[in-house]
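**Student:** sharing a model prediction with you, sequence too.
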Amino acid sequence: MKQEQVDSKTQIATLDLLDTQGIDWEHVQRTAYLIHQHFRYDYPGSVRDLKQRLLIVPPETYGDQKRIVHHLDISANVAETSIEVDEFANHVINLHIPSFERSIDFEAWIVVERSADQEPHLLPGTALSDARYLEPSALTQPDDALCQVAAALGTADQAREQPATLARSINDWVHNALSYEHDVTAIHTTAAQVLSLRRGVCQDYAHVMLTLCRLCGLPARYISGHLLGEGGTHAWVEALLPAPDRPGEAIALALDPTHGCETNLHYISVAAGRDYYDVAPTSGTYRAPYSGQLTAKKRVGPISLEYANANPSSDASKD
């Protein structure tokens, strides 16, 4: 079994990323991505009884996205590992590490595949009335300013009659209202604080959009993942809408307020929740009289491409 794990790691770790220059993305039908992430925690001394939660591996399937293979390396001895599916259908890895000295590394290799010719991301119709996506969460509590914006953007009638149009209007408004800037917010910054600042990063854009959607009566959820060409993780929003011509079902309309667009094949979903707190990539507890310093690195890119009506001369895939 251990030899199989080593072979799996070797196969994934040696995959080459394709040069994205010159790719005709409009005609790409299917693509496979490699996600390579490295998290390192450094401490002044020893650490005991670490209980780590990792939310970095996507579900087996998510809309048109499929997880092909994944491998996780940990630099310390792990006493216990458990994998669970949480209430949002996320793939959660729980680790118990009795002790280690000064530093610990978590390194993951993941391959996922996306297809452009699939049907919209379908969900049970119960998602439309799910209180988790309609009511405020810890980071999306509205204030008077957000309520005023929501009242100007849409009504409950619009949410029922033209939900997709309303969702896109909210996405556009957030994109134009905020300026992208690092180091002015943190992971605990609320949507109300972001709107007051009018600045932030992708997490903040998503929280403002979520708040406005929910105030307008649109169920919406926070999505964490990766966007091709970006160095860090990314966040966007899925507005949950009635599925046209499919009574009893819903669809997820994925919108990125940071870039003011709908998502495409460049986006890789990892986890969904009410807000960032539900999908934090790493979290945990430990015993030590000091705090640690986290360093995170990643690389994401395509490893194979399949064009619509592909022929040998236009196929950019790589074995």
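**Tutor:** Noted; the coordinates are in hand. Quick caveat, the model's predicted, so the values are computed rather than measured.
**Student:** sticking with residue 239, tell me its helix or strand.
**Tutor:** Under the criterion of DSSP states H and E, residue 239 resides in strand 234-242.
**Student:** chain neighbours aside, what residue packs nearest to residue 184?
**Tutor:** residue 199 (5.0 Å; C-beta to C-beta, 6 or more residues apart in numbering). In short, each C-beta sits where N, CA and C put it, glycine included.
**Student:** next up, the contacts around the one you found.
**Tutor:** Residues near residue 199 by C-beta atoms under 8 Å, 6 or more residues apart in numbering: 178, 179, 180, 181, 184, 185.
**Student:** show the pLDDT at it.
**Tutor:** With respect to pLDDT, residue 199 scores 97.
**Student:** kindly state the beta-bridge partners for it.
**Tutor:** In this entry, residue 199 is beta-bridged to residue 179, by DSSP bridges.
**Student:** rewinding a little: between the contacts of residue 199, which is closest to residue 29?
**Tutor:** Distance to residue 29 across those (C-beta to C-beta) is lowest for residue 180, with 31.5 Å.
**Student:** so how far is residue 189 from the closest one?
**Tutor:** Noted for residue 180: a distance of 14 Å to residue 189, by C-beta to C-beta, to the nearest Å.
**Student:** looking at those two now, which is surrounded by more residues?
**Tutor:** residue 189 (18 against 13; other C-beta atoms under 10 Å).
**Student:** need phi/psi at the nearest residue to that one once chain neighbours are set aside.
**Tutor:** Excluding the flanking residues, the one nearest residue 189 by C-beta to C-beta, 6+ apart is residue 204, at 6.3 Å. Residue 204 adopts backbone torsions of phi -70, psi -40, taken as degrees, to the nearest 10.
**Student:** so what's residue 204 up against?
**Tutor:** 178, 185, 189, 191, 194.
**Student:** tell me the most packed of those, by neighbour count.
**Tutor:** residue 191 (29 neighbours).
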